[in-house]
Structure formats: C-alpha cells, structure tokens
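1. predicted model, plus sequence, below.
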Amino acid sequence: MPNLADPHFHQTVTYVCMHNEEGAMGIIINRPMEIDLGEVLEHMDIEVENPMVARMPIFEGGPVQRERGFVLHRPVGEWDAMIGVDPKNNVGITISRDILDAVALGSGPSDVLVALGYAGWSAGQLEQELADNAWLSTPADSRIIFDTPPEQRWQAAANQLGVDLSLLSSDAGHG
C-alpha cells in the first residue's frame, strides 16, 4: 500500500512462505538485483552448464539475512532443506546447496526464483500491519511468481483483487 513507509517494502510483492503463531516469513519476488545466478554460482564454485541459467536474476528477498540464499521453486521435489509452501500449486522453498547444483546442471525444478535474504515478522506483527492497512493481501498465484515478468508482478497481484494501484492514496479515509 502507498502508506507503507518502509523503503524495504515500497511497491513490493512479498510471497508469504510461512505463517504461524511464532511469526511469518516471506520472499520479495519483484526486486531483481544487479547480480545474476551465474555470479552467485561461480562464487559457490558451482559450474553452470546452461548460459540461460547463468543469466537468471537474483532477487532481493528481504532485509533479513541478506547473505543467505532462498530458492522458491516448482515442482517441490526432494531437496535436503526443503519446505512445501503451497501443496496445491506444488511450490516449495529450499535453502540447501543441492538444488543449486541441480539447477546449474539443468536437472533442477522447472521453475526457480533465487533470492538473497527474506522478510520476517515477529508473532502478531504481520497481522497488525494488515490491520493497519499497510499491505494488500491476495491469495498466492504461482503464475505471478514464475510466469509474470518481475516489473509486472506488483500490478498483477493487485489485479487479482480488482485494485487499480494508480487510484490508491496514502491518506486514510476517516469519515
């Protein structure tokens, strides 16, 4: 929402991967960084077989643990440190090296989004931000994550709600 003042989240689409009584964790999916997957894999001494893989963007996943990599992927598969996020759409998140080895060899999941860092909320914090109208909330759509160009994801997520972002104001309406 326009009234969300935190620059880490201005015009972001954040995919909430986990949400429980301890808090919430999400990955920002519409902020590509200035580095690509090839650079990250080279730094990890992983040889890339496919030049298209090397050019995949790395996303700024959020302000927490920016040195740590998170791989959103579809299908879920069997990876060392994987959590199934959305069973209906077969989306998982993995933090282990084995998935990056597979992606580099061309044998990884068909859809991959690699991010550095994540967005985190303590218990009740995200609920309070939603109550304060800081976020628009819509059901996750794996097509937005994996099939929509990053620069169109913010509007595509709002479109699911029928919201025209150009008409939103940062002024609260109190009558």
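-> Structure's in. What do you need?
2. got phi/psi on Ile83?
-> Per-residue torsions, Ile83: phi -120, psi 130 (degrees, to the nearest 10).
3. okay, it and Val76: tell me how far apart.
-> Taking Cβ to Cβ, to the nearest Å as the measure, Ile83 and Val76 are separated by 9 Å. The C-beta positions use only the backbone N, C-alpha and C, and glycine is treated the same way.
4. so what's Leu113 up against?
-> For Leu113, the contact set (Cβ atoms under 8 Å, 6 or more residues apart in numbering) comprises 27, 29, 59, 71-73, 145-146.
5. residues contacting the closest residue to Asp147 other than its chain neighbours?
-> The spatially closest residue to Asp147, leaving aside those adjacent along the chain, is Asp111, at 8.0 Å (Cβ to Cβ, 6 or more residues apart in numbering). Asp111 sits next to 73-74, 142, 145-147 when contact means Cβ under 8 Å, 6+ apart.
6. which residues of the chain score low on pLDDT?
-> 1-5, 165-175 (pLDDT under 70).
7. which residues in it form helices?
-> With DSSP state H applied, the chain shows helices at 37-43, 51-54, 97-105, 125-131, 142-146, 153-159, listed in chain order.
8. any chance of those helices in CSV, plus mean neighbour count?
-> CSV is the format used below for the helices of the chain (neighbours: other Cβ atoms under 10 Å):
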stretch, mean neighbour count
helix 37-43, 17
helix 51-54, 13
helix 97-105, 19
helix 125-131, 14
helix 142-146, 18
helix 153-159, 19
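9. tabulate these in TSV, adding columns for distance to Leu116.
-> Putting those into TSV (distance: least, Cβ to Cβ, whole Å) gives the following:
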stretch	distance to Leu116
helix 37-43	8
helix 51-54	17
helix 97-105	12
helix 125-131	21
helix 142-146	16
helix 153-159	18
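10. out of the contacts of Leu113, which are inside strands?
-> Judged by DSSP state E, these include 27, 59, 71-73 as members of strands.
11. just to revisit the earlier point, okay if I get the contacts of Leu113 as a markdown table plus distance to Thr12?
-> Shown next, in a markdown table, are the contacts of Leu113 (distance: Cβ to Cβ, whole Å):
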| residue | distance to Thr12 |
| --- | --- |
| Ile27 | 10 |
| Ile29 | 8 |
| Phe59 | 10 |
| Val71 | 19 |
| Leu72 | 15 |
| His73 | 20 |
| Ile145 | 13 |
| Phe146 | 17 |
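12. distance between stretch 144-153 and the chain's centre?
-> For stretch 144-153, the separation from the chain centroid amounts to 11 Å (computed by Cα atoms, centre = their mean, to the nearest Å).
13. end to end, how far does it reach?
-> Distance across stretch 144-153, first residue to last, is 6 Å (Cα to Cα, to the nearest Å).
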